[in-house]
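Visitor: for reference, the sequence and a predicted model appear below.
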Amino acid sequence: MTSQSSPWFWKGQRVSCSRKRFPTLKGGKGMGGWEGGIRVPGIFRWPGVLPAGRVIHEPTSLMDVFPTVVQLAGGQVPQDRVIDGRSLVPLLQGAAEHSEHEFLFHYCGKHLHAARWHDKDSGRLWKVHYVTPRFHPEGAGACYGQGVCPCSGEGVTQHNPPLLFELSRDPSEARPLTPGSEPLYHAVVARVGQAVEEHRETLSPVPPQFSLSNILWKPWLQPCCGIFPFCSCTQDGDHRET
């Protein structure tokens, strides 16, 4: 955001976002689990189905898109694996007040940096940071020297004990809690730690989607569009009947 109101345009409608209405969030995209890279708006429009003008202050995930679309299509998500996403339909239609996510896990690449817990009994929203990138130069709010914050190695700080914030009161993550300032510190860190271990038990190794072999351009997978090497597939005959 800028210091002045920044308009968002969606289907001809204008929504204004102003720094005056929102706290300054730490970090940004590619900077670990800080809120500045996580809190982005999601805008939905479905006239006649979704009520207009509703604002939902609940954490969701891109992983929620899959089960949402499956439900809208009348299907069922696979039952032979763990599906981390949750359908957004109840939230969007107003049938649910809160997200189904009790815990959300924030990764930097393949490294888990932070986890949040919405304690539904108390309504408090906690965030635990196990790893944070080292911003530089010192005192900066990003990794200006490298352009991109590293996810591991010497460019990050391992926190033991972890950093704890109460996002419901401190969304800027400016005041880390301690056992002296928060009586529930140890209980919250232990509960989130248990959830992290349970989450890790559901993970299975898969080939990395962003490995060098996967991101290299493969012209032989391109559709027919020119002369080799720009495209290299062969003509398959007459497809007028298809």
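Guide: Arrived safely, thanks for sending.

Visitor: and stretch 108-121, which residues are buried?
Guide: Using 16 or more other Cβ atoms under 10 Å as the test for burial, stretch 108-121 gives 108, 112-118. Heads up, the C-betas are built off the backbone N, CA and C, glycines and all.

Visitor: between those residues, which is closest to L216?
Guide: Proximity of the buried residues of stretch 108-121 to L216 (Cβ to Cβ) peaks at C108, which lies at 23.2 Å.

Visitor: and that closest one, bridged to which residues?
Guide: H111 (DSSP bridges).

Visitor: least confident pick among the buried residues of stretch 108-121?
Guide: pLDDT across the buried residues of stretch 108-121 is lowest for C108, at 91.

Visitor: in contact with that residue, which residues?
Guide: Applying Cβ atoms under 8 Å, 6 or more residues apart in numbering to C108 gives the contacts 30, 32-33, 131, 133, 149, 151-152.

Visitor: try 10 Å
Guide: Contacts here follow Cβ atoms under 10 Å, 6 or more residues apart in numbering; on that basis C108 touches 30-33, 37, 114, 131-133, 149-152, 156.

Visitor: sorry, back to before: of all the buried residues of stretch 108-121, which two lie farthest apart?
Guide: The widest separation within the buried residues of stretch 108-121 (Cβ to Cβ) is 21.5 Å, between C108 and H118.

Visitor: and L177, what pLDDT?
Guide: 97.

Visitor: same question but for S172, I mixed them up
Guide: Confidence score, pLDDT, at S172: 93.

Visitor: and the one helix or strand F165 maps to, what does it pack onto?
Guide: Using DSSP states H and E, F165 sits in strand 156-166. Where contact means 3 or more Cβ pairs under 10 Å, 6 or more residues apart in numbering; DSSP states H and E, strand 156-166 is packed against strand 111-119, strand 124-133, helix 185-201.

Visitor: got the angle for that strand vs strand 111-119?
Guide: 10 degrees (axes from the mean of the first three to the mean of the last three Cα atoms, to 10 degrees).

Visitor: sorry, back to before: so which of the buried residues of stretch 108-121 would you say is closest to G180?
Guide: After measuring those against G180 - Cβ to Cβ - the closest member comes out as W117, at 20.8 Å.

Visitor: so that closest one bridges to which residues?
Guide: Beta-bridge partners, per DSSP bridges, of W117: F103, W126.

Visitor: ramachandran coordinates for L212?
Guide: phi -60, psi -40 (degrees, to the nearest 10).

Visitor: in contact with it, which residues?
Guide: Contacts of L212 (Cβ under 10 Å, 6+ apart): none.

Visitor: show the buried residues in the contacts of C108.
Guide: Judged by 16+ other Cβ under 10 Å, buried ones among the contacts of C108: 30-33, 37, 114, 131-133, 149-151, 156.
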